Every structure is written in C-alpha cells, then in structure tokens.
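Visitor: everything below, folded, please.
(one chain, ligands or ions: 2)
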Amino acid sequence: MPAIFLKSATSVQELPESELPQVAFVGRSNVGKSSLLNHLTGQKGLARESATPGRTQHLNVFEVNKRYHLVDLPGYGFAHGSKTHREGLSQIIRDYMENAPNLRLVFVIIDGRHGPTALDRGMITFLQAERVPFALIVNKMDKVSTAEAHGRERAMRTDFPTVPIILHSNVTGLGRGEMLALIENTVKTHKV
Ligand SMILES: Nc1nc2c(ncn2[C@@H]2O[C@H](COP(=O)(O)OP(=O)(O)OP(=O)(O)O)[C@@H](O)[C@H]2O)c(=O)[nH]1
Ligand SMILES: [Mg+2]
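Guide: Residues are numbered from 1 along each chain as shown. Ligands and ions are numbered 1, 2, ... in the order given. Sure, this is the predicted structure:
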C-alpha cells in the first residue's frame, strides 16, 4: 500500500487541493494516532510517533495509492503543554470537521486501558451533531487483559449501539484488517 506524506497544514484552507476522500484520525494526545496510521499503511516512520504527548500540532496529510487521504489530527487533552494546547477540542479540529469538504470518515481513537474519557465523549457528541460518519477505535489492546477487553467492549457497545467499534493493537495486529475494510467501503462510495 504505497503511501506518501503530502503536507503539514496549519488550517483547512491550506489542505492540498484534491478531490480524493479523506479519512481522519482524532483522539487524546499519545493515544496512538500516528502509530495507527503507520500500522495501517505498513510504513513505519511515515507519521511521526512520539513518547512525548502533543507532538502533532498540524493537519498532517498522507496520500494512499492515489485513492484517498489519511489526515493525522492534533491530539486533544494534552496535559503538559501551554494553555491553548490543553483546551480540549481545539479550534483547528472543529474547523476541520465542520469545513473539510472531502472528509468521509473519522476514526476516534480511544485508549483501551481507560475507555472513553470526557473529552472523547465530547468529540463523539460533536461528530454526531455535525453528521460526520465515525468509528470508535479501542487502541493499545495488547496492554489489556482478555477479561478487561471483553468488559470494555461490552460497555462501549451498550453506550454507542449504532457506531462501529473496532479493537486495535499495533503490537499484535488486531483490528488492522477491519479498519482497512471500513476505509475501502467508505472510499468506494465516495462521489466527487
Ligand atoms: N503497547 C502499545 N503501544 C502503542 C500502541 N499504539 C501506540 N503506542 C505507543 O504510544 C505512544 C504514542 O504513540 P503516537 O502514535 O505518537 O500517539 P499520538 O496519538 O499520535 O500522539 P500525539 O501526536 O502526541 O497526539 C508511543 O510510544 C507508541 O509506541 C499500541 O497499539 N500498543
Ligand atoms: Mg501523533
């Protein structure tokens, strides 16, 4: 799956001019958005991964197979940064969700060890209000015991009965195929 880095944009206006559909990754700082993007494309080091939360502060756009764009969004809930980085759903994220014309799917990445936080729930409410299609990705499942994983999954399916929920780990490979299938389905039905 050949993927290339296209652009690091500081606003929706700066996004590359293209008709291709976009799939975006959003979630708390350090939840594994960039690692997930690398796992899906099979290209380690494509998006910058970091042990230091809050590294990605731009809309980082990657093009896959000349067919769709993956957009790595800034993390929210960054605990150690300046005040503007801590505000939760930052303006750039809202602006992107409201105004990106080719946005077709958002992956909301949740930490499988804790389940959805208040900020994650805020994001979900926002996406529902904006009518942006999304799926919940429960990440870092390799860090969670099987019993805990089942409990987490059951609770989330009860909370969000109509939303696709995918358990994922870039260590075990869990969920990669399911995420790629969802992207394929979305891209296939995209009309320009
Ligand atoms: N065990 C485990 N660690 C993971 C997984 N995914 C990501 N990580 C680790 O989590 C840390 C953060 O990963 P990133 O991909 O940089 O997180 P991010 O969400 O892009 O972070 P920001 O760009 O700061 O918002 C890194 O140390 C990764 O190695 C996973 O599935 N399992
Ligand atoms: Mg990142």
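Visitor: how far off centre is stretch 49-69?
Guide: Its chain's C-alpha centre and that of stretch 49-69 lie 10 Å apart, by C-alpha atoms, centre = their mean, to the nearest Å.
Visitor: pull up the distance across that stretch, start to finish.
Guide: By C-alpha to C-alpha, to the nearest Å, the extent of stretch 49-69 from end to end equals 19 Å.
Visitor: who's in contact with stretch 180-187?
Guide: 21, 23, 40, 67-68, 104-105, 133, 135, 164, 166 (C-beta atoms under 8 Å, 6 or more residues apart in numbering). C-beta here means a position set from N, CA and C on the backbone, and glycine is covered the same way.
Visitor: and the helices in the protein, which stretches?
Guide: All helices of the chain, identified by DSSP state H, fall at 33-41, 83-86, 91-99, 118-130, 146-159, 176-188.
Visitor: ok, the fifth one near ligand 1 or not?
Guide: No - with C-beta under 6 Å from any ligand atom as the criterion, ligand 1 is not reached by helix 146-159; the gap is at least 12.6 Å.
Visitor: mean confidence for that helix?
Guide: For helix 146-159, mean pLDDT is 94.
Visitor: what's the angle from that helix to helix 118-130?
Guide: In terms of direction (axes from the mean of the first three to the mean of the last three C-alpha atoms, to 10 degrees), helix 146-159 departs from helix 118-130 by 40 degrees.
Visitor: okay, the closest residue to ligand 1 within the chain: pLDDT?
Guide: Nearest to ligand 1, among the residues of the chain, is G75, at 2.5 Å (C-beta to the nearest ligand atom). At G75, the pLDDT value in this model is 89.
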